[in-house]
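J.: With the input below, show me the fold.
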Amino acid sequence: ENMASLVAVLALAGLALGKRCAVTEGSYCPLHSFGAPSGPGAYVDPFIGIGGDGFGVGGDPPGATVPFGMMRASPDTSLRNVAPSWEHYGGYHYYDDQIRCFAHTHMVGPGASDYGNIGLMAVRKLEPFMLLDNGYLSSFSHTSEQTEPGYYSVHLDTPDVDVEVAACGPQVATYRFEYKGLDRERAVVLDLFHSLKEDAVRDASVTIFPSNNTIQGWALNAGSLTGRNGRGVMIYFSIHASVAFADYGTWLNTTIAAKSTTSRGAKSGAYVDFGRGSTGDFVELAIAISFISQAQANRNLQEQIGLRNFDACHLIGRNLWLSQLNTIVVDTEGQDDEYHDELVKFYTALYHSTMAPTTFSESGGFYLGMDNQVHQVAQPGQQYYSDLSLWDVYRCQLPLFGLVYPDRLRDVARTLVTMSQQGGDLPRWPIANVYSGCMEGSSSNLVLLDALVKVGGFDFEAAYQAMYIQATQPNRPHISRSCLTEYLQYGFVPFDKCDKSVSLTLEYAYNDWAVAEMARLLNHTADIAQFQNRSQFFHNVWDAKSQYFCPRHEDGSYHCNRDPALHSWIFQDSGFCEADQEEMRWFVPHELGTLVDMYGKDKYVFLLDDFFVKTAHDPSTFMPNPYYWAGNEPDMLEPFQFNAAGRPDLTQLYSRFVMNFSYSIKPDGLPGNDDFGALSSWYVWAALGLYPLPGTTTYILGSPVFPSATLHLPGGQLVIKTHNAGPRNFYVVNGTVNGKPLDLPRNAYVSHTDIASGGLIELWMAEVPPKW
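T.: Here you go, the predicted structure:
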């Protein structure tokens with residue numbers, strides 16, 4: 001479909017004519033032919049967060065993508081032909097020495113195996129052994145890799161080929177291959193069975209169009225999450241080459257069919273030979289993907305690549321990232337060298353924070369809805385998103401959008417409402433057009449409330465009705481609140497009836513607070529008391545004797561964990577979800593003042609301070625830290641919770657501690673799965689010296705790292721200016737917001753309403769904490 005128009009457009013482009021350089025006609029433009037990335041882009045290192053061991057694997061793919069891109073063209077790697085799933089959730093691991101292939105769908109720092117589809121690899125020619133156990137893979141060296149936002153390149157040692165890949169649209173990327181040597185073979189293989197979850201591809205199809213230098217097809221992927229709908233998701237692709245096919249063929253299982261143009265079956269693939277060539281002769285491939293149809297994949301290629309060759313695509317992708325990152329401009333006042341590591345951590349974190357969610361609306365505004373039907377966004381420029389890791393990103397990443405990229409949060413809120421209308425329920429963790437049901441709680445409630453109080457512009461009533469249904473009707477088709485019946489019956493989730501009972505109770509109480517706030521703001525007065533009462537259910541799992549939130553049986557008896565600092569959830573149900581009892585004693589985000597009162601202020605401060613002191617005893621990320629676990633989301637708020645007890649100096653001390661203790665500029669520089677930018681966005685907030693409380697207009701004051709940061713917000717410039725800034729000066733001794741003095745230490749907070757349209761936060765720093 002649309003083949004004639006697709007080929008006509010691509011023939012006019014540099015692809016069909018073999019043009020290589022958008023700047024100097026007819027010459028080869030290697031990496032940085034446009035100069036190194038400028039401004040913030042110069043400090044982004046996509047190799048941060050691609051290493052680590054055990055629970056400390058970051059999982060971010062280092063390849064080519066645009067902000068919020070569906071296309072994430074990135075290498076999938078292995079070590080001696082072994083790729084353990086837990087180290088390769090993002091496809092790539094820094095300790096590896098082989099590239100299996102380049103895949104075009106990836107999750108961003110997840111904790112599950114999915115995607116990794118449409119495997120593409122440069123070879124000299126197809127050999128039968130290549131169809132066995134990734135036989136086409138190649139060794140490589142990190143010394144040959146170069147990367148920047150939107151671009152990745154590497155030398156493949158085995159076939160002696162330089163590979164460059166650049167992204168320039170949400171669903172497209174381009175490759176440039178240079179096959180080294182004199183008069184040697186040149187080919188690529190396309191493996192449709194490749195995926196990050198073993199045997200996830202259930203069916204596939206490929207068709208070669210030799211006269212048009214084009215390959216099209218699809219793969220049906222049923223990964224750890226996409227397979228939870230019982231069938232998987234279809235991923236279509238369209239590829240066009242700049243060089244004519246000298247030879248071609250397909251394969252199915254291990255049988256090669258020379259000159260064949262079609263193959264159907266899960267273990268299908270194709271190869272194309274470009275004839276012999278020499279160093280300096282280049283082959284370019286343009287590729288588009290779609291979750292809608294083959295025709296839509298063709299349209300994505302036509303409209304997003306169009307008259308652009310590789311270098312033009314590279315430059316567009318770079319500029320898209322420059323615009324994205326320039327939203328926050330840090331000024332070190334001439335001390336860039338002294339602040340080098342902090343600049344790299346900050347801008348890499350901002351980069352990772354804006355790789356996701358996935359733009360699921362494609363060219364023309366079309367998307368595949370939760371009802372498996374094709375829809376179109378309501379207005380031009382609006383985006384429909386998916387791959388929303390809501391349990392993770394509601395805490396930091398989406399609130400970051402609420403301040404810095406409000407249109408993004410608004411479109412996320414619209415997306416969630418639309419999902420509920422087209423699919424029947426608000427999602428817990430949507431991937432593609434699948435209700436994955438991953439993780440716990442009704443995190444969409446916090447996202448929708450946050451969007452209401454900060455950005456607006458979506459159907460509030462439809463959002464509230466979806467939240468109400470989710471909170472009151474057990475056994476919905478797409479369950480977001482497991483054990484809701486028991487929660488409503490007992491006022492807590494019983495340990496002897498449901499897994500993760502304490503975490504569910506605490507999460508649901510927080511979610512119910514969000515419903516109550518929505519009811520209040522939208523004048524659903526009859527509902528307010530019900531949900532306010534439920535928001536207090538956290539009291540029902542509080543064991544006053546031990547002063548922990550503990551598992552509780554149906555008969556009301558407590559079953560506190562024998563060792564509160566043991567992550568026993570890893571091997572048995574402990575009553576907690578990805579946290580231990582020691583960590584979850586602090587999780588009442590909507591009632592921090594009440595939590596302080598439950599301990600008493602002095603004891604609260606003593607215990608929380610001791611919690612962080614003990615954290616420092618275990619610098620490893622291989623296993624979860626038994627105290628503050630920076631590598632997962634339940635702990636994120638804790639460094640900032642001292643403010644609730646009138647001790648902002650300890651918030652400043654321990655937020656800086658976490659920034660230095662848990663984050664670095666090394667490949668293992670993230671303390672755990674990035675979870676679609678959740679961990680990275682925590683660092684962005686902490687380095688700016690603020691921290692959000694989702695669903696409120698409150699930001700907790702922390703300890704800004706840089707002398708100055710300018711946030712270019714839609715309503716104006718927000719400047720965060722620190723006097724006497726320095727690596728050891730992390731205590732705020734005085735401050736103003738728009739000229740109005742902060743009442744420290746009692747009121748170490750900043751209101752969204754005071755800064756959303758721009759303003760000035762001015763802080764005076766010192767190495768010694770003030771004596772309040």
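J.: what's the next secondary structure element after the lowest-mean-pLDDT helix or strand in the chain?
T.: One helix or strand of the chain scores below all others by mean pLDDT, DSSP states H and E: helix 14-17, with a mean of 34. Toward the C-terminal end, the helix or strand that comes next after helix 14-17 (DSSP states H and E) is strand 74-78.
J.: For that next one, give the mean pLDDT please.
T.: Model confidence over strand 74-78, given as mean pLDDT, is 98.
J.: how about the CA coordinates for that strand, as CSV?
T.: Output in CSV follows, covering the C-alpha atoms of strand 74-78 (Å, rounded to 0.1, in the frame of the first residue of the first chain):
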residue,chain,number,x,y,z
SER,A,74,19.7,0.6,19.7
PRO,A,75,22.2,-2.3,19.8
ASP,A,76,21.3,-5.4,21.7
THR,A,77,24.4,-7.0,23.2
SER,A,78,25.7,-10.2,24.8
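J.: Note down every partner strand of that strand and its orientation.
T.: strand 98-103 (antiparallel) (DSSP bridges).
J.: So which residues make contact with the strand it pairs with?
T.: 63, 73-81, 83, 91, 115-121, 134, 136-140, 154, 156, 163, 165, 175, 189, 191, 194-196 (Cβ atoms under 8 Å, 6 or more residues apart in numbering). Quick note: C-beta positions are derived from backbone N, CA and C, even for glycine.
J.: Just these: which are in strands?
T.: 74-78, 119-121, 138-139, 154, 156, 163, 165, 175, 189, 191 (DSSP state E).
J.: From these, list just the buried residues.
T.: 74-78, 119-121, 138, 154, 156, 163, 165, 175, 189, 191 (16 or more other Cβ atoms under 10 Å).
J.: What is the nearest of these to residue 95?
T.: Using Cβ to Cβ, residue 77 comes nearest to residue 95 of those, at 8.9 Å.
J.: which residues does the spatially closest residue to that closest one that is not a sequence neighbour contact?
T.: Once flanking residues are discounted, residue 77 sits nearest to residue 96: 3.7 Å by Cβ to Cβ, 6 or more residues apart in numbering. By Cβ under 8 Å, 6+ apart, residue 96 lies in contact with 77, 78, 79, 83.
J.: before we move on, what SS does residue 96 have?
T.: coil (DSSP: H, G, I helix; E, B strand; the rest coil).
J.: ok, it to residue 300 distance?
T.: When distance is defined by Cβ to Cβ, to the nearest Å, residue 96 is 31 Å away from residue 300.
J.: surely residue 384 meets residue 415?
T.: Yes. Between residue 384 and residue 415 there is a contact at 5.3 Å, judged by Cβ atoms under 8 Å.
J.: how about low-confidence regions in the chain?
T.: Flagging of the chain using pLDDT under 70 yields the residue ranges 1-35.
J.: Nearest residue to the middle of it?
T.: residue 676 (1.6 Å; Cα atoms, centre = their mean).
J.: still on that earlier bit, need the overlap of contacts for residue 384 and residue 415.
T.: residue 360.
J.: wait, residue 668 sits on residue 60?
T.: No. Using Cβ under 8 Å, residue 668 is not in contact with residue 60, being 11.6 Å away.
J.: Show me which of these two is the more surrounded one.
T.: More crowded of residue 668 and residue 60, by other Cβ atoms under 10 Å: residue 60, with 34 against 18.
J.: got the contact list for residue 737?
T.: 750, 751, 754, 755, 759, 760, 761, 762 are the contacts of residue 737 under Cβ under 8 Å, 6+ apart.
J.: For it, give its distance to residue 226.
T.: 45 Å.
J.: cool, and residue 697?
T.: From residue 697 to residue 226 the distance is 37 Å (Cβ to Cβ).
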